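> could you work out the structure for the sequence below:
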Amino acid sequence: MPYYIYRIPTGPVKILEKITQFDAFKDASAEAKRMRKEVDLTRMAIKVVFGENEIQAEEALMSVREAEP
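So this is what the prediction gives:
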């Protein structure tokens, strides 16, 4: 299953923009780290997410996680 890299604005509205995908986490992680150095992280986030397809990956990004105690 592929690893997707998304660009997400940090504002109240989440508009997901798929940038690329990789077959291996190591490659996806390295590319995401490189991209994070090039963008203003106060305005957007670069995230790596795993999923069977783009829909599953986007659902994982949009889901709200419960805070740890």
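
> what about the residue nearest the centre of the chain, which SS state?
By Cα atoms, centre = their mean, the chain has its centre lying nearest to residue 47, at 2.4 Å. What DSSP: H, G, I helix; E, B strand; the rest coil gives for residue 47 is strand.

> next, the contact list for it, please.
Residue 47 makes contacts with 5-6, 8, 32, 61, as judged by Cβ atoms under 8 Å, 6 or more residues apart in numbering. For glycine as for every other residue, the C-beta is placed from the backbone atoms N, C-alpha and C.

> tell me the buried residues in the least confident helix or strand in the chain by mean pLDDT?
When the helices and strands of the chain are scored by mean pLDDT, DSSP states H and E, helix 54-62 comes last with a mean of 92. By 16 or more other Cβ atoms under 10 Å, the buried positions in helix 54-62 come out as 57-58, 61.

> can you redo the residues you listed as CSV with distance to residue 69?
Converted to CSV, the buried residues of helix 54-62 look like this (distance: Cβ to Cβ, whole Å):
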residue, distance to residue 69
57, 28
58, 28
61, 24
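
> can you give me the helices for the protein?
25-38, 54-62 (DSSP state H).

> is it possible to export those to CSV including distance to residue 68?
Below are the helices of the chain laid out as CSV (distance: least, Cβ to Cβ, whole Å):
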stretch, distance to residue 68
helix 25-38, 23
helix 54-62, 18
